[in-house]
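Engineer: I'll drop the sequence and a predicted model, then ask my questions.
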Amino acid sequence: MTIQASIRDTGASSLVSDFIESGSFHWDQVSACDYGVLDGSAACALMIWPQGGTGTWATYSSVEFSWTFQVRAFLRDTNNPCAVLTRVWQIIDNIVEVVLTGSNVNTLNRRALPTAIDAPMDTFYEFSGHDFIPVTVTVQVEEET
């Protein structure tokens, strides 16, 4: 495994840990590897995907890595537009708060910042007979090793 790949994996696993430790999400609602978290999800599931990254030499002996992750929440549609819109805003607030304050992703050598939010209210994903609305927060994670 290359250093850059291990940093990516560390960033993703740190985000997963922070979402679970925040108390807003249960361990079976968050994944960085498969859609299985949607199966049986009563309200919401989170998927975390690495989107790309770069590495540059900071000094002769240290490297700075920058990774972009998509944290995508899948909110189950309840056929109540007002309730769904309220949940969209709640999930955005939860994700942004965890990204900014999570102790696993924000360390002495690593920091995370939400850089974009996308919540298309006209897009649905069907899974196991239920419709889910995607809410995506793009997160930049930078780390120096």
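Structural biologist: Thanks, I have the structure now. Numbering: from 1, shown residues only.
Engineer: backbone phi and psi for Pro81, please?
Structural biologist: Phi and psi for Pro81, reported as degrees, to the nearest 10, are phi -50, psi -40.
Engineer: Going along the chain from the lowest-mean-pLDDT helix or strand in the chain, find the next helix or strand for me.
Structural biologist: Least confident element among the helices and strands of the chain, by mean pLDDT, DSSP states H and E: helix 3-21 (a mean of 70). Remark: after helix 3-21, the chain's next helix or strand is strand 30-31, criterion DSSP states H and E.
Engineer: what does that next one contact?
Structural biologist: Residues outside strand 30-31 that contact it (Cβ atoms under 8 Å, 6 or more residues apart in numbering): Val16, Phe19, Ile20, Val37, Ala45, Leu46, Met47, Ile48. Every residue, glycine included, has its C-beta placed from N, CA and C.
Engineer: What residues of stretch 133-145 count as buried?
Structural biologist: The neighbour-count check on stretch 133-145 (16 or more other Cβ atoms under 10 Å) flags Ile133, Pro134, Val135, Thr136, Val137, Thr138, Val139, Gln140, Val141, Glu142, Glu143, Thr145 as buried.
Engineer: Between which two of the residues you listed is the distance greatest?
Structural biologist: Spatial extent of the buried residues of stretch 133-145 (Cβ to Cβ) is set by the pair Ile133 and Thr145 at 37.6 Å.
Engineer: Now, the buried residues of stretch 133-145 that are in strands?
Structural biologist: Among the buried residues of stretch 133-145, DSSP state E puts Ile133, Pro134, Val135, Thr136, Val137, Thr138, Val139, Gln140, Val141, Glu142, Glu143 in strands.
Engineer: and the gap between the closest residue to Ile92 other than its chain neighbours and Thr56?
Structural biologist: Distance criterion Cβ to Cβ, 6 or more residues apart in numbering; nearest residue to Ile92, sequence neighbours excluded, is Ile117 at 5.9 Å. Separation of Ile117 from Thr56 (Cβ to Cβ, to the nearest Å): 27 Å.
Engineer: what about the two, which has more around it?
Structural biologist: Ile117 (13 against 8; other Cβ atoms under 10 Å).
Engineer: tally of neighbours for the residue nearest to Ile20 when sequence neighbours are not counted?
Structural biologist: Spatially, and ignoring its direct neighbours in sequence, Ile20 is nearest to Trp27 (5.3 Å; Cβ to Cβ, 6+ apart). By other Cβ under 10 Å, 11 other residues sit near Trp27.
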